[in-house]
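Let me see the structure of the following:
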Amino acid sequence: MRREAGMTLVEVMVSAVVLSLLMLALAASLRTFATTYTAVEQSADRTARLREVTYFLRHALREAYSPHRGAFHVSDSQISWLAPIDRVGAAGGVTWLRLRRAGDTVMLDFAIPDTQTAEKARTDPAWGDAIPSQILLENVRRFQVSAIKAPSRNGYSNDDEALKNELPPGVQLEWELEGMSWPPLIVAFDDYEMVR
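Numbering: from 1, shown residues only. Got it, this is the predicted structure:
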């Protein structure tokens, strides 16, 4: 009788266990790759969004102007100003803009100035009537606005009340998002004049 060569039951079981371990390792590595890819993609999307927001704010703030007292206002958590902007919604040209924190979001509000509102000091425009507010950033942990103090002959002006309503040399915006830090945005105003 001739002996037939083949695999024993033990050899089949050992090879099945080794194959199962290899498949388990492959599945775990694919799951890790997918998780890492998703995290990197989300981080890249947030970074791209921050770049877009930074670019827009730098452009919109740089062109801010203050035709009267009260046209520019800054506090710790919001800033409002007049600036010419490109078409937004159904409007364009000189527009009121307000950047503010609302909960864990940073909102951008718009208002169309009419001749009476534009010439009255400290008049609160009708925010969101013509153009809806936009969410610029989400998951915001900290948002702070500060005016850059104007230089004077004796150093820098310490008159914080004047800075709240007149166009200073520039502003600094700081924000911190959940799980992401970003450098402050410092913008000098094109219309600022050194006449003090």
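
Point out where the protein drops to low pLDDT.
Scanning the chain for pLDDT under 70 picks out the ranges 1-4, 69, 87-92, 114-124, 151-166, 191-196.

Strands of that one, start to end?
Along the chain, counting by DSSP state E, strands occupy 73-74, 78-88, 91-102, 105-111, 134-137, 140-148, 151-152, 155-156, 170-177, 180-181, 185-188.

So for His59, which of those strands sits nearest?
Nearest of the strands of the chain to His59, taken as Cβ to Cβ: strand 78-88 at 8.2 Å. (Glycine included, C-beta is placed from N, CA and C.)

And Ala64, how far from Ala188?
Ala64 is 10 Å from Ala188, where distance means Cβ to Cβ, to the nearest Å.

Same drill for those two, tell me which one is more crowded.
Neighbour count, other Cβ atoms under 10 Å: between Ala64 and Ala188, Ala64 has more, with 23 against 13.

how about the closest residue to that one other than its chain neighbours, what does it touch?
Sequence neighbours aside, Trp81 is the residue nearest to Ala64 in space, at 4.1 Å (criterion: Cβ to Cβ, 6 or more residues apart in numbering). Trp81 makes contact with Leu61, Ala64, Tyr65, Ser66, Ala71, Phe72, His73, Trp96, Leu97 under the criterion Cβ atoms under 8 Å, 6 or more residues apart in numbering.

Could you point out the longest helix of this protein?
helix 9-62 (DSSP state H).

so what does that helix touch, helix or strand wise?
Here helix 9-62 touches strand 78-88, strand 134-137, strand 170-177, strand 180-181, strand 185-188, going by 3 or more Cβ pairs under 8 Å, 6 or more residues apart in numbering; DSSP states H and E.

closest one to Gly128 among those?
Ranking those by proximity to Gly128 (Cβ to Cβ) places strand 134-137 first, at 9.9 Å.
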